[in-house]
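1. 3D, please:
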Amino acid sequence: MDPTDAFWYALRTRSRHERRVYDQLSTQGIEAFLPHIDRWRQWKDRRKLVAFPLFPGYCFARFAAAQRIAVLRAFGMVQIVGNHEGPLPIPEAEIAGIQRLVTSTLPYDPHPYLDAGMRVEVVRGPLAGLTGILVRKGAKARFVISVNLIQQAAAVELDGSDLVPLR
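-> The predicted structure is shown next:
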């Protein structure tokens with residue numbers, strides 16, 4: 001990697017410091033991205049539309065390796081997400097997808113991360129409370145319920161929003 005090449009990175013922030021980190025990086029000339037979702041909040045005396053981060057505790061920034069120290073010095077920053085070898089860049093297509101989503105007129109909500117092969121639980125509908133394995137994700141997720149003792153299983157297609165990962 002060329003140290004002058006800029007890549008997108010996920011930045012882990014202190015709790016409720018996402019906007020502050022975003023603002024600091026933007027004023028430094030670093031391209032930052034903080035996807036948010038607008039929610040109505042009710043107080044005793046008023047009702048107001050408030051912007052909440054789509055991914056609490058994270059914001060995104062595009063920067064070159066030479067700007068890494070400036071990013072880490074932003075108040076509220078915890079770390080640049082990566083592994084033991086260092087920060088890991090996020091593919092452009094993933095950031096472009098999130099940017100396209102938040103600029104669209106479609107309604108969107110945060111959703112727990114689901115991946116094929118994960119153990120999940122059904123939270124709504126006639127199968128609520130069942131646990132099984134997610135075989136295919138998407139609008140229509142394939143959910144498999146298995147009986148290990150007899151090594152048999154049954155699959156059903158459910159709405160992906162009805163599934164949550166097991167912890």
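2. Dump the lengthiest helix in the chain to PDB, keeping only the CA atoms.
-> For the chain, the helix that runs over the most residues, judged by DSSP state H, is helix 92-103. This file holds the C-alpha atoms of helix 92-103, laid out as PDB (Å, rounded to 0.1, in the frame of the first residue of the first chain):
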ATOM      1  CA  GLU A  92     -15.400   1.200  -1.100                       C
ATOM      2  CA  ALA A  93     -18.500  -0.700  -2.200                       C
ATOM      3  CA  GLU A  94     -19.600  -1.200   1.500                       C
ATOM      4  CA  ILE A  95     -19.300   2.500   2.300                       C
ATOM      5  CA  ALA A  96     -20.900   3.400  -1.000                       C
ATOM      6  CA  GLY A  97     -23.800   1.100  -0.200                       C
ATOM      7  CA  ILE A  98     -24.400   2.800   3.200                       C
ATOM      8  CA  GLN A  99     -24.100   6.300   1.700                       C
ATOM      9  CA  ARG A 100     -26.600   5.300  -1.000                       C
ATOM     10  CA  LEU A 101     -29.000   4.000   1.600                       C
ATOM     11  CA  VAL A 102     -28.900   7.000   3.900                       C
ATOM     12  CA  THR A 103     -29.400   9.400   0.900                       C
END
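3. Identify all contacting residues around that helix.
-> For helix 92-103, the external contacting residues (C-beta atoms under 8 Å, 6 or more residues apart in numbering) are 8, 33, 35-36, 54, 60, 62, 108. All C-beta atoms are positioned from the backbone trio N, CA, C, and that covers glycine.
4. Need the residue closest to the centroid of the protein.
-> For the chain, F55 is the residue whose C-alpha lies nearest the centre (C-alpha atoms, centre = their mean; 4.8 Å).
5. residues in contact with that residue?
-> With contacts defined as C-beta under 8 Å, 6+ apart, the neighbours of F55 are 35, 110.
6. got a pLDDT number for it?
-> pLDDT recorded at F55 is 89.
7. picking that back up, from the middle of its chain, how far away would the longest helix of the chain be?
-> A distance of 12 Å separates the centroid of the chain from that of helix 92-103, by C-alpha atoms, centre = their mean, to the nearest Å.
8. Next, the buried residues of the next helix or strand after it.
-> Going down the chain from helix 92-103, the next helix or strand is strand 119-122, by DSSP states H and E. For strand 119-122, burial by neighbour count (16 or more other C-beta atoms under 10 Å) applies to 120-122.
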